[in-house]
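Chemist: okay, predicted coordinates and the sequence, questions at the end:
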Amino acid sequence: MEYTAGIGEKIVSRFLLLPPEEKTAVISHGVAVRFSDMNKRLFLARNKVRFFEEKYRMKLSELEEKGLPDNADYEMHEEYILWHHWDGIVEKIGKQIESLQMIAEYGVFR
């Protein structure tokens with residue numbers, strides 16, 4: 001099933017009809033499931049970043065400052081791209097987790 005704005009509006013309108021305790025339960029359970037999923041993805045992404053940091057004995061930001069060595073081989077170029085990818089995932093998921101925490105606190109404690 002493809003998600004469209006119309007479906008989102010229907011979901012929101014139905015959600016708003018729920019009693020407050022049901023809204024809180026839906027948010028609490030949904031946040032718990034999403035936190036679990038996001039934390040698994042964050043764990044994987046951090047491990048990938050750590051692998052590259054240990055292999056090249058530097059942070060990505062240091063490599064960015066220095067640039068790739070003139071004698072960098074194909075493998076290093078490929079890993080540089082992957083390193084960027086996983087570093088971006090760490091940042092993206094970190095922000096998503098922060099947003100979810102704010103939603104959870106608002107939905108559960110207000």
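Modeler: Looks like it came in fine. From a predicted model like this one, the values you see are computed outputs, not experimental measurements.

Chemist: so which bits of the helix or strand where residue 43 lies are buried?
Modeler: Assigned by DSSP states H and E, residue 43 belongs to helix 20-56. Neighbour counts over helix 20-56 (16 or more other CB atoms under 10 Å) mark 27, 31, 35, 38, 41-42, 45-46, 48-49, 52-53, 56 as buried. The way it works is simple: take the backbone N, C-alpha and C, and place the C-beta from them, glycine included.

Chemist: likewise for stretch 65-77?
Modeler: For stretch 65-77, by 16+ other CB under 10 Å, it's residue 76.

Chemist: got the end-to-end distance for that stretch?
Modeler: 16 Å (CA to CA, to the nearest Å).

Chemist: what's the offset of that stretch from the middle of its chain?
Modeler: 28 Å (CA atoms, centre = their mean, to the nearest Å).

Chemist: got the contact list for the most centrally placed residue in the chain?
Modeler: Among the residues of the chain, residue 93 comes closest to the average C-alpha position under CA atoms, centre = their mean, at 1.6 Å. For residue 93, the contact set (CB atoms under 8 Å, 6 or more residues apart in numbering) comprises 38, 41-42, 45.
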